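Chemist: Sequence and predicted structure below; questions after.
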Amino acid sequence: MLKANGITLDLAGMSVLSDVALSAYGGEVLAICGPNGAGKSSLLRVLAGEGIGRGTVLLNGEDVGQSGPEVLARRRAVLAQDTQVAFAFTVAEIVAMGQEAGDHSATHGVVESALAAVGLTHLANRPVLSLSGGERQRAQLARALAQVWAPTGPDGPRWLFLDEPVASLDLGHQLEIMQLARGFADAGGGVVAVMHDLNLSAMFADRMVLLVGGKLIAEGPPEAVMQAEILERAYGCRVTLNCAPKRGPWLLPQSCTPRTAGLTG
Amino acid sequence: MAQSLPRLVPGRSLGGPAALPLILVAFVLAVSVLSLTGGAAGLGPGDLFQAWTGDGLTERDRVVLFDIRLPRLAMGLAVGASLAVAGVLLQGLFRNPLADPGIVGINAGAGLGAVLAIVLGGALPAGLLAATGSWQVPLAAFLGGWGATLLLYRIATHGGRTDVTLMLLAGIALAALTGAATGVLVYLADDQQLRDLTFWSMGSLAGATWTKLAAALPLLLLSLLLAPSLARGLNALALGEGQALHLGVEVQRLKRLAIFASAAATGAAVAVSGGIGFVGLVVPHLLRQALGPDHRRLIPASALLGGGLLVLADLFSRTIVAPAELPIGIVTALLGAPVFLWILLTQRRGSMV
């Protein structure tokens, strides 16, 4: 499991995260939601073991601050929000980098399977630089998948940390990628994803946390977090919530109450 | 359906990654033979064979071969390989194909170190002087190159991202600054030192001797042996510092070693042959077109092509206006400057090579 306690981060004198505590489990998708600038990506970087901030993060029982990067790379893979590749590395070469860093560096066919999973087989030998934004994002996801190819390992689940995995994708690819993440969790792996889209989060996550101004204001299954008053407090807008049978809650935004007084007429 | 098949990257099928190492080795052997046989003294390939078997060579030919051409060939190979590998390492570190030791001012920093050692070396405490011996100039050049690289990295890179404009401009400033300091030292130098300096600053392999080569060899070997171990990390670094860390790379250690190895290679090369530019730019660039950007192939291939290409340039420089010699820096600049401009233009169009 993943257990974080007392996560506090200041950047350039500004408080980004204050005393955040959360847990995540193998077999589960956890969505980190919240408005822009809430500290979601920073929280993900702390959880991934980038060595920023204070507090403790235990991944499968081991402090990420104490594990070396090589050990950590076998336990978890990270999909960053924006990856800019220098030089003309091909999609297959990038995915192979992921595989080499993980447990299954010698297994045959991992690169091919990971590419097939994200639907990029036909672009395998193209330089990543020549792809569209959505294709690049899927190439990076294939790289992360290849790194934690088996969802569980000898010391516990393998982890996927995803920072807005579907932000630059069309509807079809959004569902495809979320289904991949769901499948990874269903096979025993752990997924922690920073998400903008609340409906997608409610649809695919087992639990959601809501981060506002560097603090957790809600945590629980989608039905518990997707409450009109909680969301209004977080986003400053009124929403109508509905519940689809067997599909969980979904929302329709209504109107926004301006959060900056100076901008009102 | 043929159109939907994976399209190969243009150029990468040329000779194929599999055949290229053999082609490079053959190229190095060919230019080596040419370099040993070409020149004013008129030694043919047959004479080489005789030297190999150990009979029938005149004393004069023996001297030309073993004391002039062979050390020059060895130094050309070593210096070319080092400059090319230094280029690959810097480009990987800065995540940019324009980072060449000559262009970004690292040659100039190493040059300042070397000139300092030549002019002021005599003033060192006797113990230190004896301890450093013939390694004094290469060591000082390495320190100068190291300082320049560290400074450049500090200036041009923030949060793992290199500002290319800043890198190139800082390189110009560094070169100007170290050039001025070098100028002051030249002004202070006495006649003997001045002769050493002129000889050295032309950027030439003409002064090659076994002694010089031996002085630079430890640093050259150190960097050439260290470089391949950095290849996987540099590949990951191409995705950015954060991603390299996620892929299990100790990023800070990688950066320190890459800076150290490239400075050692540049420093040693500059100490024995002066500032020869563009080798570190052209060689990796050509090889990326043929082999792709994977540093595990790029580093050894650059060493081979760099060595071969510099020996070839040296052959040109000493035969084209024979019996006089054209400084080799002119030959490499003639080859390299257009390539530099070309990369600059393709980068501006948004596609990084």
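Modeler: Cool, the structure landed. Numbers count the residues shown, from 1 in each chain, chains lettered A, B, ... in the order given.

Chemist: How are the strands of the stretch 101-250 of chain B distributed by residue range?
Modeler: For the stretch 101-250 of chain B, the strands defined by DSSP state E, counting those that start in this stretch occupy B:157-158, B:161-162.

Chemist: residue in chain A nearest to chain B?
Modeler: Going by CB to the nearest CB, chain B is nearest to A:Ala73 of chain A, at 3.0 Å. (C-beta placed from N, C-alpha, C; glycine too.)

Chemist: Check which helix or strand that residue maps to.
Modeler: For A:Ala73, the enclosing helix or strand under DSSP states H and E is helix A:69-75.

Chemist: now A:Val16
Modeler: Assigned by DSSP H and E, A:Val16 belongs to strand A:14-24.

Chemist: returning to what we had before: tell me the helices and strands packed up against whichever helix or strand comes after the helix holding A:Ala73.
Modeler: Downstream of helix A:69-75, the next assigned helix or strand under DSSP H and E is strand A:76-79. Packing contacts for strand A:76-79, counted by 3 or more CB pairs under 8 Å, 6 or more residues apart in numbering or on different chains; DSSP states H and E, involve helix A:133-147, strand A:159-163, helix B:241-246.

Chemist: Would you mark the buried spots in the first one?
Modeler: By that I understand helix A:133-147. Neighbour-count burial for helix A:133-147 flags A:134-147 (criterion: 16 or more other CB atoms under 10 Å in any protein chain shown).

Chemist: Would you enumerate the residues in contact with B:Ala337?
Modeler: Neighbouring residues of B:Ala337 by CB atoms under 8 Å, 6 or more residues apart in numbering or on different chains: B:Phe278.

Chemist: Tell me the spacing between it and chain A.
Modeler: Note on B:Ala337: its distance to chain A, by CB to the nearest CB, to the nearest Å, is 22 Å.

Chemist: next one: phi and psi at that residue?
Modeler: phi -60, psi -40 (degrees, to the nearest 10).

Chemist: how close does it sit to B:Gly277?
Modeler: Using CB to CB, to the nearest Å, one gets 9 Å for the distance from B:Ala337 to B:Gly277.

Chemist: State the pLDDT value of the residue of chain B found nearest chain A.
Modeler: Closest approach between chain B and chain A, counting by CB to the nearest CB: B:Gly248, at 3.0 Å. pLDDT for B:Gly248: 95.

Chemist: picking that back up, compare the strands of the stretch 101-250 of chain B and say which comes out lowest on pLDDT.
Modeler: Mean pLDDT across the strands of the stretch 101-250 of chain B is lowest at strand B:161-162; the value there is a mean of 72.

Chemist: if I pick A:Trp159, what's in contact with it?
Modeler: A:Leu2, A:Leu59, A:Arg75, A:Arg76, A:Ala77, A:Val148, A:Gly189, A:Gly190, A:Val191, A:Val192.

Chemist: should've said A:Ala193
Modeler: A:Ala193 neighbours (CB under 8 Å, 6+ apart): A:Val29, A:Leu30, A:Ala31, A:Ile32, A:Leu160, A:Phe161, A:Leu162, A:Asp163, A:Pro165, A:Ala181, A:Ser201, A:Ala205.

Chemist: and it, what element?
Modeler: Counting by DSSP H and E, A:Ala193 is part of strand A:190-194.

Chemist: picking that back up, I'd guessed the residue of chain B closest to chain A sits against A:Ala101; true?
Modeler: Yes. Using CB atoms under 8 Å, B:Gly248 makes contact with A:Ala101 at a distance of 4.5 Å.

Chemist: which neighbours do these two share?
Modeler: Listed as contacting both B:Gly248 and A:Ala101 by CB under 8 Å, 6+ apart are A:Glu70, A:Ala73, A:Arg74, B:Ala236.

Chemist: Buried ones among the residues you listed?
Modeler: A:Ala73, A:Arg74, B:Ala236.

Chemist: burial measure for the closest residue to the first one other than its chain neighbours, as a count.
Modeler: What it means is A:Ala73. With sequence-adjacent residues excluded and distances taken as CB to CB, 6 or more residues apart in numbering or on different chains, A:Ala73 is closest to B:Gly248, at 3.0 Å. Using other CB atoms under 10 Å in any protein chain shown, B:Gly248 has 21 neighbouring residues.

Chemist: and the gap between B:Gly248 and A:Gln66?
Modeler: 15 Å.

Chemist: Assumed A:Leu216 was part of a strand.
Modeler: Yes. Per DSSP: H, G, I helix; E, B strand; the rest coil, A:Leu216 lies within a strand segment.

Chemist: and it, what does it touch?
Modeler: Going by CB under 8 Å, 6+ apart, A:Leu216 touches A:Val20, A:Ala21, A:Leu22, A:Val209, A:Leu210.
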